[in-house]
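1. Sequence first, then the predicted structure:
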Number of protein chains: 2
Amino acid sequence: MIMGLKRLLIGRPMKSNALGEEKLSKVKALAVLSSDALSSVAYGTEQILLVLVTLGAAALWYSIPISIAVAGLLTILILSYRQTIFAYTTGGGAYIVAKDNFGTSTGLVAGGSLLVDYILTVAVSTSASTDAITSAFPILHDHRVLIALLMIISVTILNLRGITESATILMYPVYLFVVAIFLLILGGAYQWLTGNVQAHAPVYGAAVPGITLFLLLRAFSSGCSALTGVEAVSNAIPNFRSPAPKNAALTLIMMGLILGVMFMGISLLAYVFGIAPSAKETVVSQIASAVFGRGVLYYFIQAVTALILFLAANTAFAAFPLLAFMLAKDRFMPNMFMVRGDRLGFSNGIIFLGILSAILVISFGGETENLIPLYALGVFIPFTLSQAGMMKRWVTKKPAGWLVPFLINTIGMLTTLTICLIFLITKFSQVWTIFIFLPIVIFIFRKINGHYQDLASELRLDITTDKPQAKGSVIVIPVAGISQVVKNTISYAQSLSDDIVAVYVGFSDEDIKKMEEKWELWNPGVRLIVLRSHYRSIIKPLFKFIDTVEWKKADTDHVTVMIPQFITKRWWHNLLHNQTSFFLRAYLFARQDVKIATVPYRLKK
Amino acid sequence: MIMGLKRLLIGRPMKSNALGEEKLSKVKALAVLSSDALSSVAYGTEQILLVLVTLGAAALWYSIPISIAVAGLLTILILSYRQTIFAYTTGGGAYIVAKDNFGTSTGLVAGGSLLVDYILTVAVSTSASTDAITSAFPILHDHRVLIALLMIISVTILNLRGITESATILMYPVYLFVVAIFLLILGGAYQWLTGNVQAHAPVYGAAVPGITLFLLLRAFSSGCSALTGVEAVSNAIPNFRSPAPKNAALTLIMMGLILGVMFMGISLLAYVFGIAPSAKETVVSQIASAVFGRGVLYYFIQAVTALILFLAANTAFAAFPLLAFMLAKDRFMPNMFMVRGDRLGFSNGIIFLGILSAILVISFGGETENLIPLYALGVFIPFTLSQAGMMKRWVTKKPAGWLVPFLINTIGMLTTLTICLIFLITKFSQVWTIFIFLPIVIFIFRKINGHYQDLASELRLDITTDKPQAKGSVIVIPVAGISQVVKNTISYAQSLSDDIVAVYVGFSDEDIKKMEEKWELWNPGVRLIVLRSHYRSIIKPLFKFIDTVEWKKADTDHVTVMIPQFITKRWWHNLLHNQTSFFLRAYLFARQDVKIATVPYRLKK
């Protein structure tokens, strides 16, 4: 039944050789990889305004120069990442680039930072999507957590179904969102040019009392949250159709262009329509309702905004399992993140991400706005490391004409490093936790790696000299009486070894005597050892006996305990049997160096 | 750590031969077995008054004749049960007596009824005890469920510690309660004789408008709840010191006397002091505060009343596991109820009772007063069956002078039968559920019995002809590569059989080719079969292969799948290994008729 439900939700299993077909075309890739970046438009401008409005409406004009600075930064990032794509054609995520150029430790900082960041992406995006919905339908405000959780569950299931399929589903909303925002920008521009704007915009360039560089930097760093997600393309090169690097680079540039235009458009409209941030309604919702009124177009824009934010979470679902896979391949994360599921996605990574982000949403009660700075910093740290890695690469390899790309990466590195510092200085209260969780994550990576290395050295074997060798073997069969089960088990034991001991644990002398007599009568060709238990425990006397057997035998000999086990017809029948075999197995397993053979006895009724 | 906690709570394990020492002396037995019966005094009179007060305070004088009738009934019951004790010296519970004389079906009705009743006892007694506490300290009223649950937990732990020990603890409160109630009666009588009673009692014999036989019978049946618990002694004869029957009979009579005097005393005082039942304060609390005022004596009486009611639950904890043991011995309940725990009590029965009664208390929110009629009926059904059984016994065996005891049991049977009918007629709305749960319980008994019978016939073996026989055996070893673990497993397999197959499941042709070459190089003396998995599942191809092996071999040959299993040093290391061996075991166990040998490989780091 569980299997049936699984089939219904995620579809029938797919063959491994179907993997090639799962590659992404540019159009699909843009959809599946850019929803995170593009959706940042929904909150990027708002984050800037939220900082500025603390000085009053007159300060809001600063959003224009700040937005231009952010757009400039976007250009630098896109150019830098384009170079990474061609340098690391098999996937140039920050983890790979940093590890490749600075060694494992730096790689782990980038990797750990990104890994945590993807979890934040899902939490922040689904919460922001919920905001878009509750802006349009305030009545739903009390069900924020539930709505966000339903989103996480849906996106998890979508991803378990497999990447191409989810990309197909995702294409429409992403492009619809692009269409919607462009419609909004055009509509707004039309209203502005025809002089239909009722609200008066703050005077551009007006002096604002109390303005400080600190505040402006803070607003700028807030705006940088609009840039989260641009790294997704360079991490996912292996998912592209060949020629992968070229396709990926084109996709990246397309994405940068669309993102830049949309972000600037929204910022300009917000300025022109004199919009101030509000706790109850998002900035985009305010612009849309100012441009189109609360009609069909307004609800269309809100719907696709909610949808794109919901799908932004999907980018993390595409990126997290891939990064986890790479970390697992390098033995810094558990093996299970390397296993492909029925639909060829890395199911464990997908499920893990779903659960962790759901926990985040629940523990923050759906109010994850405070996580945005942390989330943005978590993006800019690997940005910086990745650029620095590229710089080192150019200097080390010095290919023909390396200077220009080196300079591009240098500017990129310096810019992102500066932004990191701005974050730390202006928003320390919201980002200090990174100094806690990053070391913890890296510690865990190291611990896991240590274990795998120990394991490998322990299991390694010299193929030329290390061969298996047969040794003597003794089989111990605990018996509770004489029955078909015991006969069955002894028959089996006799087919494996001549050295068999049946052990009976009795609770009274009377029991023991009776058993001995009956055994002699039966005479199954196996010697019976009787033990007396004073504490009504079967396991303890048996343990002592096994210790004796082990001690008598040579070091390398094998002691096998053969445990008969009923397999009942109906599940509730299990309640009717003392689970002695189960406990015996568990105890032996935990305490004794013996082999345990379970001999199933299938009950017919 | 769990073990340590267990030791702390229930003490060190005891040897089986310490069982004899656990027998009860008369003084202790009276304490451990009569708390249920004696504690009924705390609510018996109140139950009568609750019915009468519906007609107004003037009707309360009827409580006197009704109490006399209840006391008469008590005499009959004690005399009847005294005969049962001598007839069934190894424990004459209603289940045994009914089964012995009328066959299994009737026995199961009595047994099932009692079993459910013990659960109700615990729920009702702990709730009533909570009432006594909250009468004295109204501030605790909101924490009723919590208080009742803490009581259930405590009494469960007490019983897990073992019966003698709990009896020692229990002696003092039971006798203190007897002392307290006698003090109350004497004090009340003194006040009354010296004319210090301010309240005026309802006029005895005054005509009450609206009084009906129905109402009086209802009040009488309510009063019969004071008789619950008197059967405990006859069920527990095996727990007495020898001569058990004589000691038990004496204990029974003592208990009857004390109970009768206390019940009549309370009823008379309630009448004399003109007390009407109240939702907020128990009748006993009202009497005590009327007699002594809210001083030290009042709180003493409330405290020991609460204590005795708490300990009444203990009677059920003494009786339930014993009855469950008897039913399990007759194969109507799961084996586990026959197992004696570390402290020689039937731990499973104790824990089972604790959990079920806790569930009852929670689901009724601590307001279990409505369960009292059901509880009383659940006592009187087995009473009736037990008396009827004794009647049949006398008629069948006809020992010398059987007529008088036969008559006593006949009167007993008729009286209890009448009370059952009165219950059904006057309180149908509160007791109808017995027609649901009793059939269900009996159905379960029958189902369990059926399974055990099938099992026994399936496992039975002819000791003279049915001997074990050795057959050929093939060992299948799934391998994932070449390592110390594989070497270890093959060494072990070679010590058991010559027919060994290693199976490798590869996900790509490349993997398979590599493995084959490496295997040839290693040459461990075991042939390797390679399988190609298209769906990245190891289990399915392996299953198919095992099916083939099974098919090739003769019917009776053994197929063993040998599964290497890491045993890690630390629990979290398990997260780092794909639990393939675990899943393999689970699947093989559920689907295939193969033997499963687990070969532990203990990691050193």
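-> Good, I have the coordinates.
2. Show me chain A divided up by domain.
-> A:2-16+A:36-448, A:472-602 (automatic domain parsing).
3. Using a markdown table, lay out those domains together with mean pLDDT and mean neighbour count.
-> Heads up, the C-betas are built off the backbone N, CA and C, glycines and all. Compiled in a markdown table, the domains of chain A are given as follows (pLDDT from 0 to 100; neighbours: other Cβ atoms under 10 Å in any protein chain shown):
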| stretch | mean pLDDT | mean neighbour count |
| --- | --- | --- |
| domain A:2-16+A:36-448 | 85 | 20 |
| domain A:472-602 | 81 | 17 |
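4. Ramachandran angles for residue A:560?
-> Main-chain torsions, residue A:560, degrees, to the nearest 10: phi -110, psi 130.
5. The nearest residue to residue A:229 once chain neighbours are set aside sits in which helix or strand?
-> Leaving aside its chain neighbours, residue A:229 sits nearest to residue A:36 (3.1 Å; criterion: Cβ to Cβ, 6 or more residues apart in numbering or on different chains). Per DSSP states H and E: residue A:36 is located in helix A:26-39.
6. how much distance is there from the helix or strand that that helix is followed by to the middle of the chain?
-> With elements assigned by DSSP H and E, the helix or strand that comes after helix A:26-39 is helix A:41-52. Distance, stretch centre to chain centre, for helix A:41-52: 27 Å (Cα atoms, centre = their mean, to the nearest Å).
7. Residues touching helix A:41-52, excluding its own?
-> For helix A:41-52, contacts defined as Cβ atoms under 8 Å, 6 or more residues apart in numbering or on different chains pick out A:59-60, A:62-63, A:66-67, A:70, A:128, A:132, A:181, A:215, A:218-220, A:222-223, A:225-227, A:259, A:262-263, A:266-267, A:270, A:275-277, A:282-284, A:305, A:308-309, A:372.
8. Could you rerun that using 6 Å?
-> For helix A:41-52, the external contacting residues (Cβ atoms under 6 Å, 6 or more residues apart in numbering or on different chains) are A:59-60, A:62-63, A:66, A:128, A:218-219, A:222-223, A:225-226, A:262-263, A:266-267, A:270, A:277, A:283-284, A:305, A:309.
9. same for the helix holding residue A:36, what does it pack against?
-> Judged by 3 or more Cβ pairs under 6 Å, 6 or more residues apart in numbering or on different chains; DSSP states H and E, helix A:26-39 is in contact with helix A:163-193, helix A:232-235, helix A:244-272, helix A:296-329.
10. any idea which helix or strand comes after the last one?
-> Put plainly, it is helix A:296-329. By DSSP H and E, the next helix or strand past helix A:296-329 is helix A:347-363.
11. which strands and helices sit next to that next one?
-> For helix A:347-363, the packing partners by 3+ Cβ pairs under 6 Å, 6+ apart are helix A:104-136, helix A:144-160, helix A:296-329.
12. so what secondary structure elements neighbour the first one?
-> Packed against helix A:104-136, as judged by 3+ Cβ pairs under 6 Å, 6+ apart, are the following elements: helix A:94-102, helix A:144-160, helix A:296-329, helix A:347-363, helix A:372-397, helix A:434-459.
13. do you know how far residue A:392 is from chain B?
-> 32 Å (Cβ to the nearest Cβ, to the nearest Å).
14. Next up, identify which helix or strand the residue of chain A most remote from its centre is on.
-> Here chain A reaches farthest from its C-alpha mean at residue A:521, the gap being 64.3 Å by Cα atoms, centre = their mean. Here residue A:521, judged by DSSP H and E, is contained in helix A:509-522.
15. Is stretch A:583-598 positioned near chain B?
-> Yes - with Cβ under 6 Å from any Cβ of the partner chain as the criterion, chain B is reached by stretch A:583-598 at A:595, A:596, A:597, A:598.
16. Now the terminal residues of that stretch, how far apart.
-> Terminal residues of stretch A:583-598 are spaced 12 Å apart (Cα to Cα, to the nearest Å).
17. and if you look at stretch A:485-501?
-> Using Cα to Cα, first and last residues of stretch A:485-501 are 16 Å apart.
18. contacts for the helix holding residue A:521?
-> Against helix A:509-522 from outside (Cβ under 6 Å, 6+ apart): A:482, A:504, A:506, A:528, A:530, B:463.
19. can you do 10 Å?
-> Contact partners of helix A:509-522, identified using Cβ atoms under 10 Å, 6 or more residues apart in numbering or on different chains, comprise A:479-482, A:486-487, A:502, A:504-506, A:508, A:526-528, A:530-533, B:461-464, B:466-468.
20. Now, those that are in strands?
-> Using DSSP state E, the members of those that fall in strands are A:479, A:502, A:504, A:505, A:506, A:527, A:528, A:530, A:531, A:532.
21. contacting residues for the residue nearest to residue A:229?
-> A:118, A:121-122, A:124-125, A:228-232, A:308-309, A:311-316, A:318-319, A:379.
22. From residue B:121, how far out is the residue nearest the centre of chain A?
-> For chain A, the residue nearest the mean C-alpha position is residue A:353 (3.3 Å; Cα atoms, centre = their mean). Separation of residue A:353 from residue B:121 (Cβ to Cβ, to the nearest Å): 52 Å.
23. now swap in residue A:430 and tell me
-> 59 Å.
24. Also residue A:234?
-> Residue A:234 is 71 Å from residue B:121, by Cβ to Cβ.
25. thinking again about what came up before, could you dump the helices and strands packed on helix A:26-39 into CSV and include distance to residue B:330?
-> Shown next, in CSV, are those (distance: least, Cβ to Cβ, whole Å):
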stretch, distance to residue B:330
helix A:163-193, 59
helix A:232-235, 68
helix A:244-272, 74
helix A:296-329, 57
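26. Ok, which of the ones you listed comes nearest chain B?
-> helix A:296-329 (9.8 Å; Cβ to the nearest Cβ).
27. and the closest one, how far from the chain's centre?
-> 13 Å.
28. OK, contacts around the residue of the stretch 251-400 of chain A found nearest chain B?
-> Closest residue of the stretch 251-400 of chain A to chain B, Cβ to the nearest Cβ: residue A:334 (4.7 Å). By Cβ under 10 Å, 6+ apart, the contact set of residue A:334 is A:324, A:327-328, A:348, A:352, A:448, A:451-452, B:572-578.
29. Closest one to residue A:171 out of those, please.
-> For the contacts of residue A:334, the closest approach to residue A:171 (Cβ to Cβ) belongs to residue A:324, at 25.4 Å.
30. show me the contacts for the closest one.
-> A:111, A:115, A:118, A:332-334, A:336-338, A:346, A:348-350, A:352-353.
31. hang on, the earlier thing: output the ones in strands among the contacts of helix A:509-522 in TSV; the columns should cover distance to residue A:588.
-> Shown next, in TSV, are the ones in strands among the contacts of helix A:509-522 (distance: Cβ to Cβ, whole Å):
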residue	distance to residue A:588
A:479	16
A:502	17
A:504	17
A:505	14
A:506	20
A:527	21
A:528	20
A:530	20
A:531	16
A:532	21
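32. Check whether residue A:429 really touches residue A:218, as I assumed.
-> No - assessed by Cβ atoms under 10 Å, residue A:429 is found out of contact with residue A:218, at 11.6 Å.
33. between those two, what contacts are shared?
-> Joint contacts of residue A:429 and residue A:218 (Cβ under 10 Å, 6+ apart) are residue A:373.
34. how near is the residue nearest to the centre of chain A to residue B:136?
-> 56 Å.
35. Ok, residue A:375 next?
-> In terms of Cβ to Cβ, residue A:375 sits 58 Å off from residue B:136.
36. now residue A:330
-> In terms of Cβ to Cβ, residue A:330 sits 69 Å off from residue B:136.
37. cool, and residue A:161?
-> In terms of Cβ to Cβ, residue A:161 sits 64 Å off from residue B:136.
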